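Q: can you look at this prediction? I've put the sequence above it.
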Amino acid sequence: MKILQLGNKKLEKKSKPVKKIKSRANQNLIDNLLKICYKNEKSTGGLAAPQLGKNIRMFIARRVDIEEKYRKKKKDISQKESKKLWEVIINPKIKKTALKKATYWEGCLSIEHGKVFGPVKRPSLIKIEYFNRKGERKKIVATDFFSHLIQHEIDHLKGILFVKYIKNPKNLWNEKTLDKYLRKHGDFPEIVD
């Protein structure tokens, strides 16, 4: 399945709730979303159903919070364990967001295939309730970058791409230029008003 790119009207539509989570069509869609995430593991934090042209409230989120715990313990994640780092999130409901905000640089597989990045300010904490692929009710409290990642994917369900938050186009950087800047300066560029 191809990932829709900026300009495709399906990316701007609000998504409808998933009704039959365990249907063959929805389980196949979950498998396709996961396959794309595994394939793009080094360059993505998630993928939403609208990016594959399906305007339903479903996305995959990379559990960067769990990865961080492994890093702190200086442990490697096995190939088998790495598959568990992708959370299937269906019909998410936001229960709480923090007043405090933080800025992180985001990219998106629907914008130049993940080759463009920009700084986005979002609440530094989000609490959501959702269903997993088995139809079980779940909760996540996400902070810092994981909070951004969840909010980025929820935006896809609202028909919003992260570039909407970038007011000055000088704050959009292509991957090669940004990587070169990071190597030279050790930090992200200053945000231009």
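A: All right, it came through fine.
Q: any chance you could map the strands in the protein?
A: Secondary structure of the chain, counting by DSSP state E: strands at 46-48, 58-62, 86-97, 101-107, 116-123, 125-131, 137-143, 173-174.
Q: between those, which gets nearest to Y165?
A: Y165 lies closest, by CB to CB, to one member of the strands of the chain: strand 116-123, at 4.8 Å. Glycine gets a C-beta too; all of them are placed from N, C-alpha and C.
Q: how about the CA coordinates for the closest one, as CSV?
A: Provided in CSV are the C-alpha atoms of strand 116-123 (Å, rounded to 0.1, in the frame of the first residue of the first chain):
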residue,chain,number,x,y,z
VAL,A,116,11.0,17.2,5.8
PHE,A,117,11.2,18.3,9.5
GLY,A,118,10.0,21.2,11.5
PRO,A,119,9.6,22.3,15.2
VAL,A,120,6.1,21.8,16.7
LYS,A,121,4.9,23.0,20.1
ARG,A,122,2.5,20.6,21.9
PRO,A,123,1.4,19.7,25.4
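Q: would you mark the buried spots in that strand?
A: For strand 116-123, a neighbour-count test (16 or more other CB atoms under 10 Å) marks 116-120, 122-123 as buried.
Q: next: stretch 166-173.
A: Buried residues in stretch 166-173, counted by 16+ other CB under 10 Å: 166, 171-173.
Q: likewise stretch 14-31?
A: For stretch 14-31, a neighbour-count test (16+ other CB under 10 Å) marks 15, 18, 21, 26, 29-30 as buried.
Q: convert the C-alpha atoms of it to PDB, please.
A: Taking C-alpha atoms only, stretch 14-31 is exported to PDB below (Å, rounded to 0.1, in the frame of the first residue of the first chain):
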ATOM      1  CA  LYS A  14     -11.800  13.800   9.600                       C
ATOM      2  CA  SER A  15     -11.800  10.100  10.300                       C
ATOM      3  CA  LYS A  16     -14.800   8.000  11.500                       C
ATOM      4  CA  PRO A  17     -14.800   5.700  14.500                       C
ATOM      5  CA  VAL A  18     -13.800   2.000  13.800                       C
ATOM      6  CA  LYS A  19     -17.000  -0.100  14.300                       C
ATOM      7  CA  LYS A  20     -15.900  -3.700  13.900                       C
ATOM      8  CA  ILE A  21     -12.300  -3.800  15.200                       C
ATOM      9  CA  LYS A  22     -12.000  -7.600  14.700                       C
ATOM     10  CA  SER A  23     -13.300  -7.600  11.100                       C
ATOM     11  CA  ARG A  24     -10.900  -9.100   8.500                       C
ATOM     12  CA  ALA A  25     -10.700  -5.800   6.700                       C
ATOM     13  CA  ASN A  26      -9.600  -3.900   9.800                       C
ATOM     14  CA  GLN A  27      -7.200  -6.600  10.900                       C
ATOM     15  CA  ASN A  28      -5.600  -6.600   7.400                       C
ATOM     16  CA  LEU A  29      -5.300  -2.800   7.600                       C
ATOM     17  CA  ILE A  30      -3.600  -3.100  11.000                       C
ATOM     18  CA  ASP A  31      -1.200  -5.700   9.500                       C
END
